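> Here is a sequence together with a model predicted from it:
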Amino acid sequence: MYIKRYTIAAFILMALVGGYVFSYVTQDSTTLELFGIPLPSLAVAIWVVVPLLILYLASVFHMSFYSMLGGLKARKYEKDYDKVLDLIVDAYLGKKDRNHSFKTSPYSLLGKLLDNSTIFPNGEINFQFDSEKTKKMTTVLDLINSIRAGEVVDLKGYNLDPDNELVIQNKRNKYKKGELKAEDILSNPKKYAKKLAQEVYVDFVKDASVSAIDKYKEFLTREAFDIIIARVNADENTLEISNEALIILLSNLDLDTKDYIEISRLAAKSMIPEQRIKLFETLSNDKEEAVDAYLYTLYDLEMIEPANALLDISQPDEYQNFKAYRALKECGKHFSIDLFV
């Protein structure tokens with residue numbers, strides 16, 4: 001009930017009651033004592049209205065008090081709502097180390113969920129908010145849409161880490177537009193995320209020199225090494241690199257047997273056979289995972305005797321696929337070695 005309306009209704013009621021008593025009951029006056037203290041003589045009609053006035057004042061105080069408490073509670077909800085909006089913005093931005101405190105239970109639960117969540121819009125978001133409080137959210141969503149569209153935006157005011165996905169994509173957009181050079185990224189590992197540097201390194205090794213490749217080898221990936229090995233003695237962007245340098249590069253990768261075989265298969269396209277054989281012979285001496293690749297290389301180059309000699313000194317349960325290939329070959333059956341790896 002609104003206090004103003006309640007006040008008007010209360011005074012109308014008091015006037016009606018007082019008027020009725022004065023007009024139809026009695027017009028006499030009387031005095032009352034309160035705790036032994038005589039009060040002024042007043043009309044009976046006024047004394048009848050006094051309890052109503054006291055009740056009115058008490059009820060107004062009661063309503064005002066709880067209205068104030070309700071206002072304080074509503075203010076808490078409003079402040080928590082503002083925090084939730086900020087939290088949603090932080091979740092959209094993918095910020096780390098979020099720890100917000102809330103004063104209301106419902107928002108506290110929602111806040112804990114958002115504090116440990118990253119929200120990335122699925123599809124383009126093109127709706128707009130009219131509320132001034134959600135203006136920041138609108139701005140962030142516009143930034144996300146722009147980054148997804150391949151544009152470069154200013155993210156300096158959001159204090160995001162270099163490994164933040166939005167920052168990485170924004171720098172990636174800048175690199176693709178030619179506003180950022182590959183070596184600018186590779187030479188500043190603290191400024192740019194390693195993930196981005198590894199992607200850029202893949203492009204960088206397509207025409208980089210051996211010294212430049214070695215300089216930033218910390219960003220080497222299997223994809224980048226495949227490009228390097230394909231350039232050895234190739235017709236275009238030829239790369240003259242020693243086996244020792246290749247082995248050093250390979251030491252930066254965690255490879256299994258299949259990886260080494262695939263590398264040998266790629267090397268077969270342009271690498272000189274002698275260098276290829278020597279490379280995998282050296283690798284097989286140091287890494288057991290590379291022995292299969294060495295056998296594959298020997299059989300692929302029709303170096304039958306060295307391959308057979310290696311199989312002869314192996315354990316009976318080792319390299320069964322290559323032993324099967326040798327047995328078929330000895331029987332006059334000719335199959336591609338690729339079928340056995």
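Great, that's in hand.
> And the helices in the stretch 51-200 of the chain?
Counting by DSSP state H, counting those that start in this stretch, residue ranges of the helices within the stretch 51-200 of the chain are 105-115, 135-148, 165-176, 182-186, 194-204.
> Check which helices and strands the longest one is in contact with.
Read that as helix 135-148. In terms of contacts (3 or more C-beta pairs under 8 Å, 6 or more residues apart in numbering; DSSP states H and E), helix 135-148 is packed against helix 44-93, helix 165-176. For glycine as for every other residue, the C-beta is placed from the backbone atoms N, C-alpha and C.
> Check which residues of that helix are buried.
Using 16 or more other C-beta atoms under 10 Å as the burial criterion, the residues of helix 135-148 that qualify are 137-138, 140-141, 143-145, 147-148.
> hey, least reliable of the helices of the stretch 51-200 of the chain by pLDDT?
Ranked by mean pLDDT, those end with helix 105-115 at the bottom, a mean of 79.
> so what does that one touch, helix or strand wise?
Under the contact rule (3+ C-beta pairs under 8 Å, 6+ apart), helix 105-115 is packed against helix 44-93.
> how far is the helix it packs on from where the chain is centred?
Taking C-alpha atoms, centre = their mean, to the nearest Å, one finds the center of helix 44-93 at 41 Å from the center of the full chain.
> average pLDDT for it?
In this model, helix 44-93 carries a mean pLDDT of 82.
> That helix packs against which elements?
Counting contacts by 3+ C-beta pairs under 8 Å, 6+ apart, helix 44-93 is packed against helix 3-20, strand 29-30, helix 105-115, helix 135-148.
> Export these to TSV and append columns for distance to K191.
TSV is the format used below for the helices and strands packed on helix 44-93 (distance: least, C-beta to C-beta, whole Å):
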stretch	distance to K191
helix 3-20	61
strand 29-30	92
helix 105-115	28
helix 135-148	18
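> doesn't V60 make contact with I3?
Yes. Here I3 reaches V60: they are 6.3 Å apart, a contact under C-beta atoms under 8 Å.
> And D259, which helix or strand is it part of?
When elements are assigned from DSSP states H and E, D259 belongs to helix 257-267.
> need the next SSE after that helix, C-terminal direction.
Scanning the chain past helix 257-267 towards its C-terminal end, the next helix or strand to appear is helix 273-286 (assignment: DSSP H and E).
> And that following helix, what does it pack against?
Taking 3+ C-beta pairs under 8 Å, 6+ apart as the contact cut, helix 273-286 packs with helix 243-250, helix 257-267, helix 291-300.
> so what's A268 closest to, chain neighbours aside?
Take A268 and drop its neighbours on the chain: the residue closest to it by C-beta to C-beta, 6 or more residues apart in numbering is D300, 6.3 Å away.
> and what of A293?
Once its chain neighbours are removed from consideration, A293 has its nearest residue in Y260; the separation is 3.5 Å (C-beta to C-beta, 6+ apart).
> okay, which residue is most central for this structure?
The centre of the chain sits closest to G94, judged by C-alpha atoms, centre = their mean, with a distance of 4.4 Å.
> and that residue, what does it touch?
Taking C-beta atoms under 8 Å, 6 or more residues apart in numbering as the definition of contact, the neighbours of G94 are 118, 120, 160, 164-166.
> sorry, back to before: from the helices and strands packed on helix 273-286, which stretch is densest packed?
Mean neighbours per residue, mean count of other C-beta atoms under 10 Å, is largest over the helices and strands packed on helix 273-286 for helix 291-300, with a mean of 25.
> Identify the residues contacting that one?
With contacts defined as C-beta under 8 Å, 6+ apart, helix 291-300 is touched by 257, 260-261, 263-265, 268, 276-277, 280-281, 283-284, 303-304, 306-307, 310-311, 319, 322, 325, 337, 341.
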